[in-house]
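Visitor: I'd like to go over a predicted model; first the sequence, then the structure.
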Amino acid sequence: MVPVATLPAAAILMGVGYWIDPTGWGGSNALAAFFIQSGSAIIDNMGVLFAVGVAYGMSKDKDGAAALAGFVGFLVLTTLCSPAAVAMIQKIPADQVPAAFGKIKNQFVGIMVGIIAAELYNRFSAVELPKALSFFSGRRLVPILTSFVMIVVAFIMMYIWPVVFDGLVNFGEQIQKLGSVGAGVYAFFNRLLIPVGLHHALNSVFWFDVAGINDIPNFLGGAQSIEAGKAVVGITGRYQAGFFPIMMFGLPGAALAIYHCARAENKAKVLGIMMAGAFAAFFTGITEPLEFSFMFVAPVLYVIHAILTGISVFIAASMQWIAGFGFSAGLVDMVLSSRNPLATHWYMLIPQGLVFFVIYYLVFRFTITKFNLMTPGRELAVAGSEEDGEDVNVSGNKDQDVTGLARQYVAAIGGSDNLTGIDACITRLRLTVKDSSQVNEALAKRLGATGVIRLNKTSVQIIVGFMAEKIANAMKTVGTVSASAPVAAPVTPAASVKPQAVPHAVSAATVAELLSPVTGEVVALEQVPDEAFASKAVGDGVAVKPTDKTVVSPAAGTVVKIFNTNHAFCLETEKGAEIVVHMGIDTVALNGQGFKRLVEEGAEVAAGQPVLEMDLDFLNANARSMISPVVCSNIDDFGGLVIKAQGHVIAGQTPLYEIKGK
């Protein structure tokens, strides 16, 4: 993302230049030439920008020595693999040098060099040489090592680069032969690869000079690209144009559908989130806030989004409604490209966008309601839970600064001892850890993360939104932080849990009487070894340590949610009390092992009706704790509760607590 972040500068400079002189590309106006040539200086050197930016961005502490190593490596490799050098080294005539070496200064090579330079920096930047050579120790050693490594890489590239280049060219040509259909296929995979970040690799083939397509630089070149034979009116830009209707109109339509499908009590919160995301998508073309709001909780919607994007790009390419961008397909880039001579019928992208707004709205709303998808605002309102999506500070201070939030994210990762590398892109924390299984996903989501991706044993990405870089920077300076999981507290003897009463609620009418959902021993909620439950952030109630395998419904009502891992369910009673029955602590990590559901979501159940069945032997051996909270998550809507149980309780028979009206 570091080198990609330079593209808006190129887009703005060249866009302003073509706005001033749309046909002469600066030949008729000195001021236009000034802007166009300034932007060209960036576009024409994207390869070295990738080498420097990737080396810097992937270095462990973002040091300039890594960027310098990337620059040195790029110079050495591209010089040794230049046509003249290849002819001299391989003792062949210049006209027999493969054409691939004339394209060695591209983004693909820049990315490769940047990765190698960053890895060398991360491994050797702390090396201490003998005293006589101490000046070259540490960071100063890295550019030297990089230059020597690039000699070896250049030797290898002399033999494999023509094969790699020809493969990329053939791939690009095959897509090009498909014409508008190929543009749509590309766009489909562009969106589909975003959750894992591999869309950048695909973009390099179609947007930059790797396979000869070079869509963005050729479009930004405008009349100059046309004259040089690099661009064709109606063709150049077809891998970009169809994104405008999606970014500016389609995704805002999806945002409106998500808002309209939210539960009434959550609509105010969802409105703020969706409006901010829709504005960012429309104005700048940055879509991550909206896409990440549903890609993990409703993957089917994301696949639909990818299909619709492919269709949009296909339509725009077929109709030759062309506009291009230097950063993303938002209003700013549309305005800047509108006077580019390669922009043909660009204004038709606006009515196309309005149609896609309606399509996205109708398709998303139908799919969400038809399949009861848990998009933002439709989940059971459990304050501070991973389903709520609220940016909650589990320590209780909702105005906590970034430093405090960063400390809690470090804790969620497994503490400083588990964290070995910190990075960020626009919306993601990109973290390197010793063991990704130690990441507390539930805590990360309570802190406000919308998703946690474990790429492998040592790589984790956490979706946190636009604060990613601030949080990452703060995480580097917070010092030593211990892991989040609290040490399991000793279970309070059942006899010490006294019946409690809420004085102002004693005389109020009883809204619901809850029976124990499982046979076992009562434990005070404050003694649950999980801060979210113990602090009553999730709701008020009590817990039970089970001694029997059957879990029943504590009251009559509707099972509105059963977790995919079957370790917990949410019940809504006839009078609106929302009950969370959570069997064990951190049992979500067992991925459903030890649990079997006996009813499905949406089922109407009677008090005492079996809902889950547990393998207690397995769970007691593998779960962190089997103390199971039973809480009313919306207790603030009522007058309080009166705890009735103590000691031993029997599933479906022993009253646990009463919920009182106001």
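Guide: Noted; the coordinates are in hand. Numbers count the residues shown, from 1 in each chain.
Visitor: The strand or helix carrying residue 109: what's the following helix or strand?
Guide: Following DSSP states H and E, one finds residue 109 within helix 107-124. Scanning forward in sequence from helix 107-124 by DSSP H and E, the next helix or strand is helix 141-177.
Visitor: Can you mark which positions in that next one are buried?
Guide: For helix 141-177, a neighbour-count test (16 or more other C-beta atoms under 10 Å) marks 141-143, 145-146, 149-150, 153-154, 157-158, 161-162, 165, 168-169, 172, 175-176 as buried. For glycine as for every other residue, the C-beta is placed from the backbone atoms N, C-alpha and C.
Visitor: about what we covered before: show me what the helix holding residue 109 is packed against.
Guide: Here helix 107-124 touches helix 46-58, helix 64-80, helix 141-177, helix 199-207, going by 3 or more C-beta pairs under 8 Å, 6 or more residues apart in numbering; DSSP states H and E.
Visitor: Quick check: phi and psi on the closest residue to residue 520 other than its chain neighbours?
Guide: Nearest residue to residue 520, sequence neighbours excluded (C-beta to C-beta, 6 or more residues apart in numbering): residue 546, at 4.2 Å. When read as degrees, to the nearest 10, the backbone of residue 546 gives phi -70, psi 150.
Visitor: swap in the one 10 residues further on?
Guide: Residue 556 adopts backbone torsions of phi -80, psi 140, taken as degrees, to the nearest 10.
Visitor: Tell me how far the most centrally placed residue in the chain lies from residue 472.
Guide: In the chain, the centroid-proximal residue (C-alpha atoms, centre = their mean) is residue 463; its distance is 4.1 Å. Residue 463 is 13 Å from residue 472, where distance means C-beta to C-beta, to the nearest Å.
Visitor: ok, the nearest residue to residue 347 once chain neighbours are set aside - contacts?
Guide: Spatially, and ignoring its direct neighbours in sequence, residue 347 is nearest to residue 338 (7.8 Å; C-beta to C-beta, 6+ apart). For residue 338, the contact set (C-beta atoms under 8 Å, 6 or more residues apart in numbering) comprises 323, 346, 347.
Visitor: Buried subset of the residues you listed, written for PyMOL?
Guide: Here is the PyMOL selection string for the buried members of these, based on 16+ other C-beta under 10 Å:
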select buried, resi 323+346
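Visitor: Sort out which one of the contacts of residue 338 lies nearest residue 446 for me.
Guide: Here the nearest of the contacts of residue 338 to residue 446, counting by C-beta to C-beta, is residue 323; it sits at 41.8 Å.
Visitor: Which ones among the contacts of residue 338 map onto helices?
Guide: Using DSSP state H to define helices, no part of the contacts of residue 338 is located there.
Visitor: Tabulate the contacts of residue 338 (JSON lines), appending pLDDT.
Guide: Putting those into JSON lines (pLDDT from 0 to 100) gives the following:
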{"residue": "323", "pLDDT": "93"}
{"residue": "346", "pLDDT": "95"}
{"residue": "347", "pLDDT": "95"}
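Visitor: Adding distance to residue 125 as columns, could you present the contacts of residue 338 in JSON lines?
Guide: Shown next, in JSON lines, are those (distance: C-beta to C-beta, whole Å):
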{"residue": "323", "distance to residue 125": "44"}
{"residue": "346", "distance to residue 125": "48"}
{"residue": "347", "distance to residue 125": "52"}
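Visitor: Residue 368: which of the contacts of residue 338 is nearest?
Guide: Nearest member of those to residue 368, counting by C-beta to C-beta, is residue 323, at 30.9 Å.
Visitor: Looks like the closest one contacts residue 240 (just checking).
Guide: Yes. Using C-beta atoms under 8 Å, residue 323 is in contact with residue 240, at 7.2 Å.
Visitor: Overlap in contacts, the two.
Guide: Shared between the contact lists of residue 323 and residue 240 (criterion: C-beta under 8 Å, 6+ apart) are residues residue 329.
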